[in-house]
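Need a 3D model of the sequence below.
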Amino acid sequence: MQVVATRIRRAIARVSVIICALNRVDLKRAQQDPQIDEESAVRVTLPRAITLSAVLILPVACGTSDERPSAEVKSTVSPASTSPAAAKAELTKVNFASRVLAALKAKSTFRVETFLLDKGSWDDDVKVTTTVRMKGAVTDLAVVDGANQLVRIGDSVYVQDAELTGGTKGPWAKVNPKSKTAGARAVAESAAIQLSRALAYQMVAATAYATGFKPGGQFTIDRVDSLEYLFTIDLNKAVAANALRGFLDRSDLKRTSTSLSVSIAVDDNDLPRRIEFVLADKDGNATSFRAMLSRFGQRVTIAAPPAGKLAKVR
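Reported below is the predicted structural model:
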């Protein structure tokens, strides 16, 4: 069609040149020949002018012109608002872990309130508050678990446990995993218990090893609309990949069911607002976990206790 239109345009240009030339000749003759009056000259040239106008208008009316809009003409509709591909992709079993973890890392800091229930109602639960700070591959923690506290800075872990350090000058003890003394082992065990309660939010990473996935209900959490996603997680694969480091290890899997159902509610920014699951052992005992996440991106301070506050535990 473009080739045809180009040929027509060239033909129109030739015709217009010929007609204009004939008109000029006739008008000149009329001026030189007194026997040809002005009215006769007009009668001669007018049909040609009409013909030229028709020739010029006809391609436009027939749609054969390939004239393009000026570069100054721009669409007033943003491509992002009309293209389906530009819409935000839905969370799926494949991209859930990477998308939600990326959203958490982008915020860098957040708070996790974890509630644990062995039996009874949620009013009887244990509450653990964890402040999380992500810096590259390092995640620092400040944990408050009742009267006890824990701080993890990189690979260094410090515990404040009243039963272990209450009678000493320094209320804090540093975990020494290489020490075999009774006191060092007790400190390490206290740290492991507090970490296991604080790191329930790591179940987000474990969703990368889900065998089942489906959207759940819609909730308003802390006045934020959130959509629930339901997972069935293969704990063997998640633990083998270190996705639950500090929360579960291989020794725990000897006592725990290796298939876990997890509910995670996520807001429109891919930030997890609530994580729920029930961890059961092979003896029929079960602990319910509910982790509530908030205060994303707020400034926090997580620091190791001063040397003068460290106890020497033997």
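
When you work out contacts or count neighbours from here on, use the C-alpha atoms and nothing else.
Noted.

C-terminal to whichever strand or helix holds residue 276, which secondary structure element comes first?
Following DSSP states H and E, one finds residue 276 within strand 272-280. Sequence order places strand 286-294 as the next helix or strand after strand 272-280, per DSSP H and E.

So for the closest residue in space to residue 158 that isn't next to it in sequence, what's the pLDDT?
Of all residues not flanking residue 158 in the chain, residue 174 sits nearest, at 4.4 Å (Cα to Cα, 6 or more residues apart in numbering). As predicted, residue 174 sits at a pLDDT of 92.

For residue 174, give its distance to residue 139.
Using Cα to Cα, to the nearest Å, residue 174 is found at 18 Å from residue 139.

Compare neighbour counts for those two and give me the winner.
residue 174 (23 against 16; other Cα atoms under 10 Å).

Could you pull up phi and psi at that one?
phi -90, psi 130 (degrees, to the nearest 10).

ends of stretch 115-134, how far apart?
22 Å.

ok, residue 182 - contacts?
By Cα atoms under 8 Å, 6 or more residues apart in numbering, the contact list for residue 182 reads residue 314.

same question, residue 287
116-119, 278-280.

Could you give me the ChimeraX selection string for whichever of those are buried?
Buried members of the contacts of residue 287, defined by 16 or more other Cα atoms under 10 Å, are picked up in ChimeraX with:
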select :116,117,118,278,279,280
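
Show me which of the contacts of residue 287 has the smallest pLDDT value.
When the contacts of residue 287 are compared by pLDDT, residue 119 scores lowest at 62.

in stretch 92-110, what's buried?
93, 96-97, 99-101, 103-105, 107-110.

Need the residues that contact it.
Residues contacting stretch 92-110 (Cα under 8 Å, 6+ apart): 91, 131-135, 204-208, 210, 212-213, 269-272, 293-300.

avg pLDDT for it?
For stretch 92-110, the mean per-residue pLDDT is 97.
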